[in-house]
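Visitor: Okay, sequence plus prediction incoming.
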Amino acid sequence: MQTDYLREFYPKGMDFSQIDEELKYYLELMNNRPRKCLGYKTPNEIIYEINAH
């Protein structure tokens with residue numbers, strides 16, 4: 001789940017409004033991490049494939 005990956009970088013209960021640029025950076029890292037459930041593709045690769053058709 002996306003939340004589980006986010007928890008690797010931020011503890012539960014953290015106020016995300018204070019860390020806008022840093023959050024964007026970590027979201028980019030998460031969306032470029034290959035996932036077993038996606039056949040070892042990244043979420044960004046899947047979105048690109050969907051939008052390319």
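Guide: Alright, I've got the coordinates.

Visitor: quick one: the helices in the chain?
Guide: For the chain, the helices defined by DSSP state H occupy 2-7, 20-31, 43-52.

Visitor: Can you tell me which of those is nearest to residue 37?
Guide: helix 43-52 (10.1 Å; C-beta to C-beta). For the C-beta atoms, the positions are set from N, CA and C on the backbone; glycine is no exception.

Visitor: which one of the helices of the chain has the lowest average pLDDT?
Guide: Mean pLDDT is lowest for helix 2-7 among these, at a mean of 70.

Visitor: Dump the helices of the chain to JSON lines, plus distance to residue 14.
Guide: Below are the helices of the chain laid out as JSON lines (distance: least, C-beta to C-beta, whole Å):
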{"stretch": "helix 2-7", "distance to residue 14": "9"}
{"stretch": "helix 20-31", "distance to residue 14": "10"}
{"stretch": "helix 43-52", "distance to residue 14": "22"}
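
Visitor: Residue 33 - how many residues pack around it?
Guide: For residue 33, the count of nearby residues is 12 (other C-beta atoms under 10 Å).

Visitor: Equivalent analysis for the one 3 residues further on, please.
Guide: By other C-beta under 10 Å, 7 other residues sit near residue 36.

Visitor: can you tell me how far residue 29 sits from residue 38?
Guide: Separation of residue 29 from residue 38 (C-beta to C-beta, to the nearest Å) stands at 16 Å.
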